[in-house]
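> Provided below are the primary sequence and the corresponding predicted coordinates.
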Amino acid sequence: MRREIDQARALRLLLKKFMTRVAPVAAAASAALLLWHAASDRPAPGNAEPAPLIFSQSGATPSATTAGSASAGGATTGGAIATQQAGVVSTVVVGRNDTLDAIFRRMALDKADLAAIRNLPGIRQSIDFLKPGDAIKLTHAAGEVRELTRKVSETQTLKVVRRDDGFAAQIIENPVETRIRSATAVIDSSVFQGAEAAGISDIVALKLANIFAWDIDFVLDIRTGDRFTAVYEQIYQNGRYVRDGEILAAEFVNGGKLYRAIGFKGEGGTLSYYTPGGKPMRKAFLRAPVDFTRVSSVFDPHRFHPILQLIRGHMGTDYAAPIGTPVHASGDGRVSFVGRRGGYGNAIVLAHSNSVSTLYGHMSRFASNIRVGTHVQQGEVIGFVGMTGLATGPHLHYEYLVDGVHKNPQTVQLPGAEPLRAEALQRFLAAAAPLMARLEPTPGPAAAANVTAKTADPTTPTAAGRAPTAAD
């Protein structure tokens, strides 16, 4: 038995040595064979097509995409220009720093066609102004452009077609329809979870949070059982849902307290939100100047300092957040100090109107444009979260002072923006009345449901990919 095992082991060693010597020879022979095939296999003339980063339009068949094999196409929408002989139909997705010249080179298309298209009157900007993600549909054969189509706006499409006497261009109008939807959501764990359950897109939920951000802390104040209602636009085109528009009216019940907001465009055309009585929802200051994960330390004039190990008042609020999180100016103001400031580390002090000043400490770095004397606007990025100075972890230390006296940033009464006056207020009140009616709950069992309105088209997807369940 031992002898048979030794013989088997010796056989395996011989086989291993043989394979070690033969493997390189076999690999070289295989590579030579592949190179010989690559050199000898030539494509049939006339059938070569470039392979750019494109995808062919669905529905095209081999017989329809071979140059010269298809018959002339029909007229475009409106019948102004007619399509010539069909060819390969490709949709090009514009990449970063892409140009039409680059796309034509990539697809081996005739540059003379591009020059002729560009010279058509009135379309130069529509054809040359490209953004990443734009789609351009090209019909081409043997390097010759037969048709070019691209959407230049939400309501307009440019179509260029080759005719016997050259290219012709047409702007096709694609009108949109605005529908008004009312939906109510009840919060179980978060605003976005409640919105999803009610068929409300994340974009609308985020806009709603921004409307009430001055009155509600959406990290600390949200409770199970809170609810909100949004009356907002939905944009349709040719009967199909396109996107959500602006919020026209909204209400939020937070901890039993009711907040309502009505959208209104003033003389400048900017949409702003006001209470039903015409007072602005926007306050002169943000409640929290950073997107934080938690409040790590509250305002406490008698706090025991964790590093100094003594009683030292904590005259602001600490918002824990990852290093590098943007810090925003809580209100319009002027930079009165920027630099290193003792235990605050890298700090900025902003001077605002009405004898208010704010301080931002422990930042990792400042925004590049921040200098003493720089004027900043509410929401502008002034620096980034860090842990410089006396800090045990990454966070923003934020202080709010009135006439040099510290106030609790989380509870201080924030001054509002300018209210509507005289004629503007009257126009607002007239426009607000029908929107207020839409915020009223529907009587009966429907009032308790997440969505309290009629369904317009249950098969049309919402921005979150769901069918709307409460469109008017």
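Thanks, I have the structure now. Just so it is clear, the structure is predicted and the values come from calculations on it, not from any experiment.

> continuing past the one helix or strand Q234 maps to, what's the next helix or strand?
For Q234, the enclosing helix or strand under DSSP states H and E is strand 227-237. Going down the chain from strand 227-237, the next helix or strand is strand 240-254, by DSSP H and E.

> Okay, now the unreliable bits of the protein?
1-86, 292-294, 296, 298-313, 441-472 (pLDDT under 70).

> Can you tell me which residue is spatially central in it?
I203 (8.4 Å; C-alpha atoms, centre = their mean).

> any idea how far that residue is from R179?
According to C-beta to C-beta, to the nearest Å, I203 and R179 sit 16 Å apart. Yep, even glycine has a C-beta here, placed from its N, CA and C like the rest.

> My read is that T178 contacts Y232, right?
No - using C-beta atoms under 8 Å, T178 is not in contact with Y232; the gap is 10.3 Å.

> Overlap of the contact sets of these two?
Here T178 and Y232 have G245 as joint contacts, going by C-beta atoms under 8 Å, 6 or more residues apart in numbering.

> Give me the more crowded residue out of these two.
Y232 (23 against 10; other C-beta atoms under 10 Å).

> What's opposite the more buried one in the beta bridge?
The partner list for Y232 in beta bridges (DSSP bridges) reads R181, I247.

> Could I get the contacting residues of it?
Applying C-beta under 8 Å, 6+ apart, the residues near Y232 are 180-181, 204, 207, 244-248, 250.

> Which strands or helices does the helix or strand containing Q125 pack on?
Q125 belongs to helix 124-128 when assigned by DSSP H and E. Using 3 or more C-beta pairs under 8 Å, 6 or more residues apart in numbering; DSSP states H and E, the elements in contact with helix 124-128 are helix 111-118, strand 144-151, strand 156-163.

> List just the one of the ones you listed that sits closest to A135.
Of all the helices and strands packed on helix 124-128, it is strand 144-151 that lies closest to A135, at 6.9 Å by C-beta to C-beta.

> buried residues in the closest one?
144-150 (16 or more other C-beta atoms under 10 Å).

> Over to stretch 429-437?
Quick answer for stretch 429-437 (16+ other C-beta under 10 Å): 429, 432, 435.

> Dump that stretch to CSV, restricted to CA.
This file holds the C-alpha atoms of stretch 429-437, laid out as CSV (Å, rounded to 0.1, in the frame of the first residue of the first chain):
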residue,chain,number,x,y,z
LEU,A,429,-55.6,87.5,1.2
ALA,A,430,-57.8,87.1,-1.9
ALA,A,431,-55.4,84.4,-3.3
ALA,A,432,-55.1,82.6,0.0
ALA,A,433,-58.8,82.0,0.6
PRO,A,434,-59.2,79.1,-2.0
LEU,A,435,-55.9,77.6,-0.9
MET,A,436,-56.9,77.6,2.7
ALA,A,437,-60.1,75.7,1.7
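
> ok, now which ones touch A195?
So A195 contacts 185, 201-202, 204-205 (C-beta under 8 Å, 6+ apart).

> so which strand or helix has it?
Counting by DSSP H and E, A195 is part of helix 191-197.

> And that helix, what's buried?
So for helix 191-197, counting by 16+ other C-beta under 10 Å, buried means 191-192, 194-196.

> Stretch 279-299 now?
Applying 16+ other C-beta under 10 Å to stretch 279-299 flags 280-290, 292, 295-297, 299 as buried.

> same question, stretch 133-143
So, applying 16+ other C-beta under 10 Å, buried residues of stretch 133-143: 136-141, 143.

> sorry, back to before: quick check, the residue nearest to the centre of the chain in a strand?
No - according to DSSP: H, G, I helix; E, B strand; the rest coil, I203 belongs to no strand; its state is helix.

> so it touches D244, yeah?
Yes - using C-beta under 8 Å, I203 makes contact with D244 at a distance of 5.7 Å.

> Pretty sure D226 sits against E251.
No - D226 is beyond contact range of E251, at 11.2 Å (criterion: C-beta under 8 Å).

> just checking, W214 touches A284?
No - assessed by C-beta under 8 Å, W214 is found out of contact with A284, at 9.1 Å.

> Spell out which residues are contacts of both of the two.
With C-beta under 8 Å, 6+ apart, W214 and A284 have common neighbours L414.

> how near is F285 to H328?
11 Å.

> Now for the two: what residues contact both?
Counting by C-beta under 8 Å, 6+ apart, the residues touching both F285 and H328 are Q378.

> mind listing the helices for the chain?
2-40, 62-65, 100-106, 111-118, 124-128, 191-197, 202-211, 422-439 (DSSP state H).

> Pull out the buried residues from the third one.
Going by neighbour count (16+ other C-beta under 10 Å), the buried part of helix 100-106 is 100, 103-104, 106.

> where's that helix relative to the chain centroid, distance-wise?
28 Å (C-alpha atoms, centre = their mean, to the nearest Å).

> go on, stretch 341-349?
34 Å.

> now the end-to-end length of stretch 337-344.
Distance between the two ends of stretch 337-344: 12 Å, counting by C-alpha to C-alpha, to the nearest Å.

> Give me the buried positions along that stretch.
Quick answer for stretch 337-344 (16+ other C-beta under 10 Å): 338, 341, 343-344.

> burial measure for P394, as a count.
19.

> ah, wrong one, I meant S353
S353: 11 neighbours (other C-beta under 10 Å).

> Residue numbering should commence at 27 henceforth.
Fine by me, first position is 27 from now on; the one you just mentioned is S379.

> What residues does it make contact with?
S379 neighbours (C-beta under 8 Å, 6+ apart): 310, 358-359.

> run the last query once more with 10 Å
310, 357-360, 441 (C-beta atoms under 10 Å, 6 or more residues apart in numbering).

> taking those one by one, which sit in strands?
359-360 (DSSP state E).

> Drop anything exposed from the contacts of S379.
310, 357-359.

> Switch these over to a markdown table; also include distance to G113.
Output for the buried ones among the contacts of S379, formatted as a markdown table (distance: C-beta to C-beta, whole Å):
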| residue | distance to G113 |
| --- | --- |
| A310 | 62 |
| G357 | 60 |
| D358 | 58 |
| G359 | 61 |
